[in-house]
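Chemist: Prediction below, plus the sequence it came from.
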Protein chains: 2
Amino acid sequence: MMQPALTKNQSLVFDVLERSDAPLSAYTILDKLRDNGFRAPLQVYRALDKLTEFGMVHRLESLNAFVACAHRESECCGAKSAHGGHGHGTVAFAICDSCGHVFEFHDHTVDHRLDDWSKSKGFKPAKTTIEIRGVCAKCAA
Amino acid sequence: MMQPALTKNQSLVFDVLERSDAPLSAYTILDKLRDNGFRAPLQVYRALDKLTEFGMVHRLESLNAFVACAHRESECCGAKSAHGGHGHGTVAFAICDSCGHVFEFHDHTVDHRLDDWSKSKGFKPAKTTIEIRGVCAKCAA
DNA sequence: ATTGTCTTGTTATGTTATTACATCAATTGC
DNA sequence: GCAATTGATGTAATAACATAACAAGACAAT
């Protein structure tokens, strides 16, 4: 599933996320887009749904917030997700509770171990969340 | 940190969770405890905070809901968490989106890989969330 | 009995997410 | 052309999740 060109609202939301150093809640995004004519949460949530579907944005479950996808295509194993676009098995996040910065990474061994567990139980995984909350090197120093 | 005896509210909340086949939201718990004198969300959230601290209850971030801790002391490697009580490095969850059942497990290899990543980045982890959403064997059949 | 600490009760409010319905624009098939 | 379909948008209202602030009770230690 390759993404089509973004609509106006999708572009606006994505730009806000890309420019941000830290994850943003839907309502924070809404506030930043008031001047662009946004009035209601749904305008944000609808754009976020699509962007997430396209793999351009991730939802951080432990934060109820969203980040632009940060991983470089180049640093990757080359594997494409089932949905096309740039994709890995599962993306993991390390979230600094001090400065808010989000580190995005993936680990094949972890993916493999979780897959093994699922297979052994007959569990059919649809979406996996891995989030480490803590303090980044810079903030810990 | 060993847990003290539970208070009345903590016991009531824990009992509700233990009897449930699926995770419950704080507000669902509140409704189930109306007859026991519960009137406000905070009564539930306060109990949940403590129970979580004691390791008796887990919060499922992708669901905004709570489950009683399901793992047997016996099936474990014996490692105790830093907080005492029964504990592992990180507990992972597989959540059936069809029947709601939650499978709780842990995997040392996964823990180790995530630790390795953290160490390599100087990131100090505080709490790690691993949740697999999908469909369990029974429901997939 | 006074102090300190922990638990509880209560009201109000803040934050996150969705339902329902109307409208508009682009595309397709006839 | 022009209905029919599809997808994006706008708007209001509401649902669902969570916390702040403050008052009061329970209980142990001195």
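Modeler: Looks like it arrived, so ask away. Residues are numbered from 1 along each chain as shown, chains lettered A, B, ... in the order given.
Chemist: From here on, just use CA atoms for contacts and neighbour counts.
Modeler: Will do.
Chemist: Could you pick out the longest strand of chain A?
Modeler: Taking DSSP state E as the criterion, chain A has its longest strand at strand A:124-135.
Chemist: Are the helix or strand following that one and chain B in contact anywhere?
Modeler: Under the assignment DSSP states H and E, the closest C-terminal helix or strand after strand A:124-135 is helix A:137-140. Yes - on the criterion CA under 8 Å from any CA of the partner chain, helix A:137-140 is in touch with chain B at A:137, A:140.
Chemist: quick one: average pLDDT of helix A:137-140?
Modeler: The pLDDT scores in helix A:137-140 average 95.
Chemist: Return the residues of chain A in contact with DNA strand D.
Modeler: A:7-10, A:37-43, A:46-47 (CA under 7 Å from any atom of the strand).
Chemist: Tabulate those (a markdown table), appending secondary structure.
Modeler: Formatted as a markdown table, the residues of chain A next to DNA strand D follow (DSSP: H, G, I helix; E, B strand; the rest coil):
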| residue | secondary structure |
| --- | --- |
| A:7 | coil |
| A:8 | helix |
| A:9 | helix |
| A:10 | helix |
| A:37 | coil |
| A:38 | coil |
| A:39 | coil |
| A:40 | coil |
| A:41 | helix |
| A:42 | helix |
| A:43 | helix |
| A:46 | helix |
| A:47 | helix |
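Chemist: Would you mind checking those residues for buried ones?
Modeler: With neighbours counted by 16 or more other CA atoms under 10 Å in any protein chain shown, those contain buried members at A:9-10, A:38, A:43, A:47.
Chemist: Strands along chain A, start to end?
Modeler: Using DSSP E, strands in chain A cover A:57-60, A:65-68, A:92-96, A:102-105, A:124-135.
Chemist: sorry, back to before: and DNA strand C, which of the buried ones among the residues of chain A next to DNA strand D contact it?
Modeler: Within those, nothing lies near DNA strand C by CA under 7 Å from any atom of the strand.
Chemist: Considering these, which is situated nearest to chain B?
Modeler: residue A:47 (19.8 Å; CA to the nearest CA).
Chemist: so that closest one touches residue A:17, yeah?
Modeler: No - counting by CA atoms under 8 Å, residue A:17 is not a contact partner of residue A:47; they are 11.6 Å apart.
Chemist: circling back to that earlier point, so which bits of the longest strand of chain A are buried?
Modeler: Neighbour-count burial for strand A:124-135 flags A:124-125, A:128-135 (criterion: 16+ other CA under 10 Å).
Chemist: in the sheet, who's paired with the residue nearest to the spatial centre of chain A?
Modeler: In chain A, the residue lying closest to the centroid (CA atoms, centre = their mean) is residue A:58, at 1.4 Å. For residue A:58, the beta-bridge partners are residue A:67 (DSSP bridges).
Chemist: Distance-wise, check it relative to residue B:60.
Modeler: 18 Å (CA to CA, to the nearest Å).
Chemist: and what of residue A:118?
Modeler: Distance from residue A:118 to residue B:60, by CA to CA: 18 Å.
Chemist: near chain B, which residues of chain A show up?
Modeler: Residues of chain A lying near chain B (CA under 8 Å from any CA): A:61-62, A:94, A:107, A:109-110, A:113-114, A:121-137, A:140.
Chemist: DNA strand C next: which of these are close?
Modeler: Counting by CA under 7 Å from any atom of the strand, no member of those reaches DNA strand C.
Chemist: Surely residue A:92 touches residue A:105?
Modeler: Yes - Residue A:92 lies in contact with residue A:105 (CA under 8 Å); the separation is 5.3 Å.
Chemist: Those two: who's more crowded?
Modeler: Set residue A:92 next to residue A:105 and count neighbours by other CA atoms under 10 Å in any protein chain shown: residue A:92 wins out with 23 against 18.
Chemist: List the residues that contact that one.
Modeler: Residue A:92 sits next to A:104-107, A:129-132 when contact means CA atoms under 8 Å, 6 or more residues apart in numbering or on different chains.
Chemist: quick one: pLDDT of it?
Modeler: 97.
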